[in-house]
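*Asks:* turn this into a model:
(3 chains)
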Amino acid sequence: MRSLRPEPQYATLEQQTETAQLGMWMFIATEVMFFGALVFTYFLYRTQYWEQFRLAAQDSKLLLGAINQAILLTSSLTMVMAINFGKEGRQRLLVLLLLATALLGLCFLGVKGYEYFEDYQSSTVPSLNYLLKPGHHPPTELFWVFYFIATGLHAVHLTIGLGLILVLVWLAQRGRFSSNYYSPLEVVGLYWSFVDTVWVFLFAAIYPLGRAAT
Amino acid sequence: MQWVPFWPRDASVTAQSIDMIFIAELALVLVILAFVFGLMIVFGLRYRRGSGANRTGLVKKTWHWEIGWTVGSLAAFLALFVWGANMYVWLYVPPRADLEIYVVAKQWMWKAQHPGGQREINELHVPLGATVRLLLTSQDVIHSFFIPAFRVKHDVLPGQYEAFWFKPTELGSFRLECTQYCGTEHAHMGGDIVVMPPSDYARWLSRQGEHESLAQQGEALFRKYGCSGCHGANSTVHAPSLAGVYGGMVHLEGGDTVRADERYIRDSILLPRSQIVAGYAPVMPSFAGQIGEDDLVKLVAYIQSLSPIDGASP
Amino acid sequence: MTTVTADLPASYLTKENSIASWLLTSDHKRIGLLFFASITFFFFIGGFAATLIRLHLLNPAGTLLQPDMYNRMFTMHGIVMVWFFLIPSIPTTLGNFLIPLMIGARDLAFPKINLASWYVFNISGLFVLFCLFVGGVDTGWTFYTPYSTLFANGYVIPATIAVFINGFSSIMTGLNFVITIHRLRAPGMTWMRLPLFVWAIYAVSLVMLLATPVLAMTLALVALERWMGVGIFDPQLGGDPLLFQHMFWFYSHPAVYIMILPAMGVVSELVSCFARRPVFGYEGMAYALMSIAVISFFVWAHHMFVAGISIYAGIVFSLLTFFVAVPSAIKVFNWTATLHKGSISFDAPMLYALGFVGLFTIGGLTGLMVATLSIDIHVHDTYFVIAHFHYIMVGGTVSAFFGGLHYWWPKITGRLYPEMWARVAAIVTFLGFNLTFFPQFILGYLGMPRRYYAYDPAWQVWNVLSSAGASILAVAYTLPLFYLGWSLFYGERAGANPWRATGLEWLTASPPPQHNFPLTPVVRAAPYQYNPADGSYIAQDGSINA
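*Replies:* Below is the predicted model:
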């Protein structure tokens, strides 16, 4: 059982774990500014090219996007369950649920990769394979530019999250966590929730566009 | 201001006003500097270590002083802001122009076209005392049109028109500079604004050789590019008539109203789907990539000519 | 290097001396020194570019360098100085070293992230050096589109990658400071007992955290557009070149406050210590720092008055810019008032601090001029603006950095520097600086545009004066290398508190032991409790010193 002394600059372990959480929240704030800048630009062009963006969005793969939404939301559930088991000191269930989260994350990436493949097949990949459909004008390509940048960056962040979860699994196997110390679980869980929340917003901003009943 | 050594020439109706606000601010700046530097020197000497000055009774309630100089600064700053903003509106909202010149910037030269079709490169001849309105665009990157002696400047953007004005008050030749970095020869993208007496200007215009006016050249292009096919009098296609459009208000599909200025006309040619006139179907094709900036300018001039003369600039 | 540390008592310098113990350290003091090495290196790279620029501009025909080379020089000067020197300078060196000491902590909240920040900084430095060696980029440090995305013939993508990665270093450092200041203050160290340097670092860290990500996204879009031709800023494909400017300046305006806020913090420390009296209006000074940080986010389009924004936008941003000038004005008046009834000695750090106040005031007041809409139409993108921002960034930030370096030199190294040479350097800096940059105000009003490799011969006299000043400035900036270096070997040993200052950092040995304090201090006094009448002072642990 590892000694549970805090690092030298901390007076108590509690101070250390609270500080770690605050750090992750602060980091998430910077990510909000990062994605926010992109989303803001997207909405700017979406307002300017009202009709063209709607036309373009009709070719987005709604079913795949929705499946991914479900996958990621479920992974947040498994993550929270993992943290709870970690807090209770139930090692095996902790590891199991961390792995489940990672697996779901991997499924997300798989579906996303397939979606990108489908996008390529339907010639909606800017610069690489983009064909202007009849009745569409050049600004439709801008929609797809934002689609790929936003979902691509999200996928990068998700992959990093996957890596962090696997590190947690490794640490858990070595008995690092107990009911007295589970701070890294909470911190990574917070990051994972952030990744999930970004997807919720991206999904809402991208896929339903142009598919309203009118 | 020419009596001040090294002062730049002021040769436009706005230059003197800008100089005036600048001098006023400079005076305020010098007063504040004298105050701050003066106090630093006085305190530095009087309270240097070892001097016998009285150092007891430090001010405890500093708020009084701080609020004092905060309010004072704020008042001075706001006064400057109002004066500057007021002048800015005067500078950047073009009044009714006597003369409209189209300028197209490209790496690394300025091309100017007079309404009568006369063209110049890196030079612009204008008559003394005329209110000149410039309509500027770029063929490639962002440039900036700057006449130091007139104290005017405006960035020149690709893909859209920018307008500003000046009114020269001195005869002579005044430098034109490009002042937005635009590539290797940015430093040599200069020219001259040549201000002449109106009679000399008229003679100069006629000496430029036979030219069709911009509007006449535009009319030819209007037919060449097929615009008259839909917008002409005998067209079977339901397209808005362009007579009298320029300078007026246009009602758009969706309820908005816009003023039909040069930007609107240009956007209508290049991005026709962005603003549909109320009551018309969105069937006009886009000419983006098909019509160069020089030709666009002529088409705009032609459509301007279809409006009554006294409605010259919106 | 045994002579440096040979008979020093055990400290963070002597604890272990292998290369690994330095390169894998988690000690904030060592990391501060590592950063100091990096930023000094880049300072000289940026300075070299400046030297070439000023030499080239001696001749109006501009024949020393090829046009393309000149254009790349001013770009690299800007990129290197902004991101690789000015932004990191005070926070990563003095900030890293002093924040834990000043708040009574044993280290920063996240020491490993601190070290990672240094490595990330150096990786970004490698990218910028790569860019330099393969030929550079000529877009100006502002990367305006569509020139940078579609027309520039230099290495835009490596340059943007360098700045993107550099941003991570900024964010990591800023995050560490914010969290540390919130959570690791010693008992009794309330917010209103924090030294103003800590307040300044706190304010600047918030700005770094919230603004830098926007730059990252903006440059990522530029790189993508250049690489893939995707039209985000290209009017031909429906993009808006002005959008780039809005996004770029949304970061870059707060960035200039990132460059000045820490300097303001340093100056407050210096002026109070060498005038031997409390800072005039401590609370006002703290609030001023925070308001500058907040308002700085709302003024970005004052860089775009002539760019084609609507006149209403111009009016709004001009008004807000006048507002942001108010807290800076308060600070200048408060520093001046701190001299009143003080007991002033003109040691080198004080000379740098007073130089800062003078030069920053000039720079700030000329800022009012460019904030005035109608004046800006004339002077925008001319040498007037160049002079304005150099007065603040060089006259201001660099002076404060040197002042702080001298002030805390005994604490960092355990040695005293030679005072006479330091005073000479400070005075030569002030004089050389004014000769370099004051003529540029005149050049600007006369109409000389920025980024011109050749110019109207009528402007030559001012350019020659400016270049002459630059040669003096070069001497003033290199002089400290010599005497500070000398002091490491032969300087008199410093005691714990050679300046008789009140901060917690002076209550521990010079240089400090590895974990800063043998026992966590308890704070019982506000900062700057100097009594100018009798020279006594109360340190922040409550101890009274005659």
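*Asks:* residues of chain A that sit close to chain C?
*Replies:* A:7-11, A:15, A:18-19, A:22-23, A:26-27, A:29-31, A:33-38, A:41, A:44-45, A:48-49, A:126-128, A:138-139, A:141-142, A:145, A:149 (Cβ under 8 Å from any Cβ of the partner chain). No exception for glycine: its C-beta is placed from N, CA and C like everyone else's.
*Asks:* among those residues, the buried ones, what's the PyMOL command?
*Replies:* Buried members of the residues of chain A next to chain C, defined by 16 or more other Cβ atoms under 10 Å in any protein chain shown, are picked up in PyMOL with:
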select buried, chain A and resi 7+9+10+15+19+22+23+26+27+29+30+31+33+34+35+37+38+41+45+49+126+127+138+139+141+142+145+149
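*Asks:* out of the residues of chain A next to chain C, which touch chain B?
*Replies:* A:48-49, A:138.
*Asks:* what is the nearest of those residues to chain C?
*Replies:* A:Pro138 (5.3 Å; Cβ to the nearest Cβ).
*Asks:* do you have the helices of the stretch 351-500 of chain C handy? List them.
*Replies:* Secondary structure of the stretch 351-500 of chain C (DSSP state H, counting those that start in this stretch): helices at C:373-379, C:383-390, C:399-413, C:419-446, C:460-490.
*Asks:* in stretch C:503-518, what's buried?
*Replies:* Those would be C:503-517, for stretch C:503-518 by 16+ other Cβ under 10 Å.
*Asks:* skipping adjacent residues, who's closest to residue 42 in space?
*Replies:* No chain specified, so I'll use chain A. Nearest non-adjacent residue to A:Tyr42, counting by Cβ to Cβ, 6 or more residues apart in numbering or on different chains: A:Phe146, 4.4 Å away.
*Asks:* chain C, not that one
*Replies:* Nearest non-adjacent residue to C:Phe42 (Cβ to Cβ, 6+ apart): C:Phe84, at 3.8 Å.
*Asks:* I'd say the one you found and C:Ile39 touch.
*Replies:* Yes: under the criterion of Cβ atoms under 8 Å, C:Phe84 makes contact with C:Ile39 at 6.9 Å.
*Asks:* hmm, back to that, for A:Leu97, find the nearest of the helices of the stretch 351-500 of chain C.
*Replies:* helix C:399-413 (48.9 Å; Cβ to Cβ).
*Asks:* mean confidence score for that closest one?
*Replies:* For helix C:399-413, mean pLDDT is 97.
*Asks:* can you give me the pLDDT of the residue located most distally from the centre of chain B?
*Replies:* In chain B, the residue that sits farthest from the middle, by Cα atoms, centre = their mean, is B:Gly52; the gap is 61.2 Å. B:Gly52 carries a pLDDT value of 84.
*Asks:* likewise A:Leu64?
*Replies:* 95.
*Asks:* neighbours around the nearest residue to it once chain neighbours are set aside, how many?
*Replies:* Nearest-residue entry for A:Leu64: A:Glu115, 4.4 Å, with adjacent residues in sequence omitted and distances by Cβ to Cβ, 6+ apart. Other residues near A:Glu115 number 18, with proximity taken as other Cβ atoms under 10 Å in any protein chain shown.
*Asks:* how about C:Thr40?
*Replies:* Around C:Thr40 there are 13 residues (other Cβ under 10 Å).
*Asks:* B:Ile291 too?
*Replies:* B:Ile291: 18 neighbours (other Cβ under 10 Å).
*Asks:* that one and B:Tyr225 touch, don't they?
*Replies:* Yes: contact criterion Cβ under 8 Å: B:Ile291 and B:Tyr225 qualify, at 6.6 Å.
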